[in-house]
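Chemist: dropping a prediction and its sequence here:
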Amino acid sequence: MVSVVGWHNAGKTLFIERLVVELRSRGLRVATIKHSRGEFEMDHPGTDTWRFAQAGSEAVAISGGGRLALLQNRAQDATLDEIVALLPRGLDLILVEGFKRLPLPKIEVTRAGVGEGRIGIGSDLLALVTDDAPVGGCTVHGLPCFRPDDASGVAALLRARGLLR
């Protein structure tokens, strides 16, 4: 697992999208997990699954067209381990957006004018992805840095660090 962290609107989701496309083009199986800071709604009012949940079902699953979704009411947030246990086996990498306090290898995404500087994750930090990195990459405080569109460079770093299965 590798966690992608950064301030709100720094470009984490866009970078993860690019990295997933790059890793898939290399034939790798990738899953993504997003941690939300607040409540979220995946279902839409009026659908059958929404109606089941409104009726009081503790969990609603829907399957079809080669896809599966599970919506579950919980007293507290699921742990990362609980979420990972629900994922298919044989994945080459799990990319996590958020969960910045967990001891996972991390890539920090920054964007000029967004947030209050770096989050400063410490020894778990693998690399920086920043819009002010020069084309071809660089090193900042001993960390490799990449532009947000350099998913290939980050994929190569993950492979070199032994983080891809």
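Modeler: Thanks, I have it.
Chemist: longest helix anywhere in the chain?
Modeler: For the chain, the helix with the greatest residue count under DSSP state H is helix 12-25.
Chemist: what are the buried residues along that helix?
Modeler: Of all the residues in helix 12-25, those buried under the rule 16 or more other Cβ atoms under 10 Å are 12, 15, 16, 18, 19, 20, 22, 23. C-beta here means a position set from N, CA and C on the backbone, and glycine is covered the same way.
Chemist: residues in contact with residue 157?
Modeler: With contacts defined as Cβ atoms under 8 Å, 6 or more residues apart in numbering, residue 157 is in contact with 126, 127, 144, 146.
Chemist: from residue 22, how far off is residue 100?
Modeler: The spacing between residue 100 and residue 22, counted by Cβ to Cβ, to the nearest Å, is 23 Å.
Chemist: output stretch 63-71 as CSV, restricted to C-alpha atoms.
Modeler: Coordinates of the C-alpha atoms in stretch 63-71 are reproduced here as CSV (Å, rounded to 0.1, in the frame of the first residue of the first chain):
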residue,chain,number,x,y,z
SER,A,63,-24.2,-6.6,-8.2
GLY,A,64,-24.4,-6.6,-12.0
GLY,A,65,-22.6,-6.0,-15.1
GLY,A,66,-19.4,-7.3,-13.6
ARG,A,67,-19.5,-4.8,-10.7
LEU,A,68,-20.2,-5.1,-7.0
ALA,A,69,-20.9,-2.4,-4.5
LEU,A,70,-21.6,-2.6,-0.8
LEU,A,71,-23.1,0.2,1.3
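Chemist: please name every helix or strand in contact with the helix or strand encompassing residue 108.
Modeler: With elements delineated by DSSP states H and E, residue 108 resides in strand 106-110, which encompasses its position. If you count contacts as 3 or more Cβ pairs under 8 Å, 6 or more residues apart in numbering; DSSP states H and E, strand 106-110 packs onto strand 2-5, helix 12-25, strand 125-130.
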